[in-house]
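>>> show me how the following folds:
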Amino acid sequence: MRFAVMASGRGSNFQALIDARARSELPGAELVQLIVNKSDAQAVARAEAAGIPWAFIDSGAMARAEFDRCALALLRDCRAEAVVLAGFMRLLTPEFIAAFRHRILNIHPALLPLFPGAHAHRDALAAGVTESGCSAHFVDEGVDTGPVILQQTVPILPNDDAETLAARILPHEHLLLLEAVRLLAAGRLEVDGNAIRILPRK
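Numbering: from 1, shown residues only. As a prediction, this is how the structure comes out:
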């Protein structure tokens, strides 16, 4: 399956995919394109080092619908079959989501449906919960509301702040995203409403 990655910043989840590919741990998955919406995104250097084509589409210079049309055209050109959002800090239009329904993966640093949105760590700490974690999910038209594929729980320690909690959750994000990509590429994810069934290996 041909995967494109969309990123806005440092691209550590993108790097996790690159590293897994180098270790032959992404069977059935090919990384064919990176799209960034910020000119200073560190993900670009990661793509160049790995020999993966990349493109910059300036989200600050166009409306959301126009950005998505440009991205979709690029995804068609590279024959992408699925999309991974790796720290892509921009909502996608319903038209974009419809074009890749149940083929857009995202990793969110909380145990969805708890703490959706851009400030998951801060919100978890403010709520006083004793654990958080991360969720790999399909993207739908809402904010972090799509079907959850995998989750990993991480305890919140008494002295945690948003930075320390984020740092402890991040390695689990990498592992969960890799497994979600592998499952999608293997055709092992079946969507039933807002629930996911992981099918046995063929």
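
>>> burial count for residue 68?
Neighbours of residue 68 under the rule other Cβ atoms under 10 Å: 22. For every residue, glycine as well, the C-beta is placed using N, CA and C.

>>> what of residue 155?
By other Cβ under 10 Å, the residues close to residue 155 number 11.

>>> thought it was touching residue 131?
Yes - judged on Cβ atoms under 8 Å, residue 155 makes contact with residue 131 at a distance of 5.2 Å.

>>> which parts of the longest helix that the chain contains are buried?
Longest helix in the chain, counting residues (DSSP state H): helix 162-185. Buried residues in helix 162-185, counted by 16 or more other Cβ atoms under 10 Å: 162, 165-166, 168-170, 172-185.

>>> which elements pack onto the helix or strand where residue 49 lies?
Assigned by DSSP states H and E, residue 49 belongs to helix 43-50. Helix 43-50 is packed against helix 12-22, strand 30-36, strand 54-56, with contacts defined by 3 or more Cβ pairs under 8 Å, 6 or more residues apart in numbering; DSSP states H and E.

>>> below-threshold pLDDT in this structure: ranges please.
Across the chain, nothing is flagged by pLDDT under 70.

>>> can you rerun that using 90?
89, 202 (pLDDT under 90).

>>> number of residues surrounding residue 120?
For residue 120, using other Cβ under 10 Å, the count is 25.

>>> identify the residue nearest it in space, chain neighbours excluded?
In this structure, residue 120 finds its nearest non-sequential neighbour in residue 110, 3.8 Å apart by Cβ to Cβ, 6 or more residues apart in numbering.

>>> can you pull the contacts of the closest residue to residue 92 other than its chain neighbours?
Leaving aside its sequence neighbours, residue 92 sits nearest to residue 68 (Cβ to Cβ, 6+ apart; 6.1 Å). Neighbour list for residue 68: 92-93, 95-96 [criterion: Cβ atoms under 8 Å, 6 or more residues apart in numbering].
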